[in-house]
Structure formats: structure tokens, C-alpha cells
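Below is the sequence, then the predicted model.
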Amino acid sequence: MLNALFKYKLAANLLFVNLLAGLTASTQIKNNNMNAYSDNKERKLIVRFFSSIGFIATFAMACNAFSHADPILGIMLLVSAGVYAWAFSLYRAVEKSATTILYNLYCLMLYLVVSGGAEGTGPIWIFIVSPVTYSVRGLKKGTVDIILFLLAVIAGFIITDKFNIYDYQPEQLPLRVVISFIIVALLSGFYERSREKYNEKIMALSQKNERLATIDHLTDLPNRRFMMKELAELKHVHKKTKQPYVILLADVDNFKRINDNYGHDFGDEALTQLATALKKSIPEQGVASRWGGEEFLIALPSCTKEQGQTIAEKIHQQLQKNHVRMYGKSIALTLSIGLVESQVETSIAQDIKLADELLYKAKEQGKNRTCS
Ligand SMILES: Nc1nc2c(ncn2[C@@H]2O[C@H](COP(=O)(O)OP(=O)(O)OP(=O)(O)O)[C@@H](O)[C@H]2O)c(=O)[nH]1
């Protein structure tokens, strides 16, 4: 009878551990999808999954304990099932829910160790602990928790032996359970470590791709795509707070001639040095972007038309002072700029169109100037 019970519990335990491994693996597959990556969402899913499984398992075990005339075990399991149900309801407070699930599990496991559970098979359940802990806590916190839990289990076995609370048969069972637990914990820890490393790599790759998608590779300035997002944000804030901002649309003068006279490489170098000069000339909260070709769009948050004109003037002066130098050749770049202060009632497209018109006015008026 005891043998059958032992096998049944062992099988149930294995099924449980495999289920947890499966869930962790499916989480990892989902995490591979860079667009859908969200640690927090996955964590919530894991915590909710564990609390529901915990509730179902402990509730079924409680019914079983009552039917086998073991009311104390039955009550303990019922209390535990109640705590799991409560943890499930804490879905949004994910940390609180995770801590509740874990410590409820530890208490129940320690009780099973000390009391022996049903006919001395209680300790078999402790193998659930390491995969649940790592999935919920992560590698570092999980390892600390598992070590503390293991020490408590060893203390539990010593206490049962010393005070004869439960007489384990065969006598070697506690030692074997502890050794197997350590092996399972090490394997789970190793798996969690590779999973975390893999996730870190994916996150780094995702950030790199995101950066590449928003940065112009020649000048290292944000690209047009990034600037469109920035402008949308500025317009949104402007509409809410009425705080003005300015856009400068700048075009390099006679750039075709520079390319023709000095070569394309020199032209590239000129654009790179121009980008550096722009970054130096604008305030820290300003954003200079490469709008396309030899055109640059600069956004100046919390800035009036007059302040924008001062900054545009600074840009003209900076370019006059710092010539582009390469292959022993040196030339002064000049820019024509269209300046627009954003209005609440205008759209981003309208602001850019107006800046473009003003830029061409600057070209018509003889270049190397700002029109607003
Ligand atoms: N070297 C280099 N040249 C570029 C790049 N992008 C655009 N250009 C060149 O910039 C030049 C722009 O010429 P235009 O549109 O005629 O303008 P411009 O010569 O500056 O004349 P204005 O705008 O009237 O002052 C073209 O010859 C493009 O090939 C780039 O990334 N590198």
C-alpha cells in the first residue's frame, strides 16, 4: 500500500516538475520574439499559473487527506489552498503574489517533512520547490531562497529524528531526499542561468537593432524616423502645456559643388563634422537629426522664436569659425535655415512645410542665413 502511494506521489511530482519546465521553456520561446518581449508580462503569467496549480493541487490533496481520516493534514492543505487563491487574486501586485506563493509552498513543504505527510511520503513533494523558486525569483534571489529552504528541510529532518515526531522508513529516506533535492536544485539553477544569459543576449541584440533603426550611420545623429517620433512627443506636450518649441530645417549650401570639387569622401566628412558642430551649438535638451541627404532638422524644446533665432545664429557662427578639414584641404560650410515656432493649431506636417518654405526663402535671399 505504502509502495503504491509512494509511486503515485513520485509520478505526480515528476508530472508537476515537467509541467514547470515546459512553462519555463515556452516562456523562453516567447521571449525570443523580440517585439513581444516583456519580462513583467511573462512574470505575471508564471505567477498566476503557479497560484492556480498550487490551489488545484493543495485542494485535491486536502480532499484526499480528509477522505483518509487525516483532518490535521487536510486543514493545513485547505489553508494552503486558500493562500494560493488569495495569491491568484493579487495578480496585479506581482511581487506580493510571488512571495505569497513561495512562502506558502515552503511552509507546506516543511510541514510535510516534519509530519511525514501521508504515510511518510510527504518529503517527495519538496522537489517542486527549486523549479518554482527559480521561475518566480530568478537566479540570484532564487538560489538564496533554495539554500535557506534546504537548510530548513535538513533541520526539519533532524528535528523529526531527535524528537521522534515522525519515524521515516526506510531510515535513509531523509538523506536520499536531501541529496536528490540538491541535484534537482543544481540542474534547475544551471538551466535558469542559461535562460537568463540567453535573455540578456536577446535584449542586447534588440537594443542594438533599435539603435541602428533610429541612428544615421554616417553622422551618428538620430535619423528622420526618430525625429518624427520626437516631434510627435513635442507636439503632444505643447498641446497639453502650451510650452512652445522651435524647429530648424537646415540645408547645406552649394553642397553639390563641394562634392564635385573635393570628392564624395570629403563631402561625407563635411557632413560628419557638420553634425558635430550642430550638436555643440544647440542646448542639451535640443535634438539634431539628419533629415536626409544634406538636410538636417533640429528640434528645440521649451524654446521661443527669439531664442531659436539666437541658437540659429550661434550655428552660423560656429560653422564660420570651424572649417571642415581633410586631406590638407579646408573649407567653411554654410547653412540656409528655415525656423518655425510650433503653434497649437498646426500639425507637424504643416510646421515642416512652413520650415521648408522659409528654408527656400533663405536660399533665394543669398544663402547662409535663417528665415523665420
Ligand atoms: N558626399 C555626400 N553627398 C551627398 C550625400 N547626400 C546628398 N549628397 C549630395 O548633396 C548634393 C545636393 O545638391 P543640391 O540639391 O543640388 O543642392 P546644393 O548643391 O547644396 O545647392 P543649394 O541647396 O541650392 O545650396 C547632391 O550632389 C547629393 O549627391 C551624402 O550622404 N554624402
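Nice, thanks for sending it over.

In three-state terms, label the residue in the stretch 201-350 of the chain that the ligand sits nearest to for me.
Closest residue of the stretch 201-350 of the chain to the ligand, Cβ to the nearest ligand atom: Gly267 (2.6 Å). To be clear about C-beta, it is placed using only N, CA and C from the backbone, and glycine gets the same treatment. State at Gly267, reduced to three classes by DSSP: H, G, I helix; E, B strand; the rest coil: helix.

Tell me how many other residues crowd it.
For Gly267, the count of nearby residues is 20 (other Cβ atoms under 10 Å).

OK, contacts around it?
Counting by Cβ atoms under 8 Å, 6 or more residues apart in numbering, Gly267 touches Phe255, Ile258, Asn259.

now with 10 Å?
By Cβ atoms under 10 Å, 6 or more residues apart in numbering, the contact list for Gly267 reads Val252, Phe255, Lys256, Ile258, Asn259, Asp260, Asn261, Glu294, Val324, Met326.

Next: Ser51.
Ser51 touches 83-91, 97-98, 100-101, 104, counting by Cβ under 10 Å, 6+ apart.

Could you pick out the residues of the protein near the ligand for me?
Residues of the chain lying close to the ligand by Cβ under 6 Å from any ligand atom are 218, 251-257, 259, 264, 267-268, 271, 293-294, 363, 367.

What about those, which are in helices?
Among the residues of the chain next to the ligand, the residues falling in helices (DSSP state H) are Phe255, Lys256, Arg257, Asn259, His264, Gly267, Asp268, Leu271, Lys363.

re the thing from before, out of the contacts of Ser51, which are buried?
Among the contacts of Ser51, those scoring as buried are Val83, Tyr84, Ala87, Phe88, Leu90, Ser97, Ala98, Thr100, Ile101, Asn104 (criterion: 16 or more other Cβ atoms under 10 Å).

Does the closest residue to the first one other than its chain neighbours lie in a helix or a strand, and which?
Across the structure, with Cβ to Cβ, 6 or more residues apart in numbering as the measure, the residue nearest Val83 apart from its sequence neighbours is Asn104 (4.3 Å). Assigned by DSSP states H and E, Asn104 falls within helix 94-115.

ok, longest helix in the chain?
Among the segments of the chain that qualify as a helix by DSSP H, the longest is helix 173-214.

ok, now how distant is the residue nearest to Val83 from Tyr84?
6 Å (Cβ to Cβ, to the nearest Å).

circling back: buried among the residues of the chain next to the ligand? Need that as a selection in ChimeraX.
Restricted to buried positions by 16+ other Cβ under 10 Å, the ChimeraX selection for the residues of the chain next to the ligand reads:
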select :251,252,253,255,259,267,271,294,363
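
which residues does Ile282 contact?
Leu248, Ala288, Ile298, Ala299, Leu300, Cys303, Ile311, Ala312, Lys314, Ile315, Gln318.

same thing but 7 Å
Ala288, Ile298, Leu300, Ile311 (Cβ atoms under 7 Å, 6 or more residues apart in numbering).

again with Leu218
Each residue near Leu218 by Cβ under 7 Å, 6+ apart is listed here: Asp268, Leu271, Thr272.

For the first one, which non-adjacent residue is closest in space?
Counting by Cβ to Cβ, 6+ apart, Leu218 is the residue found nearest to Asp268 once chain neighbours are left out, at 6.1 Å.
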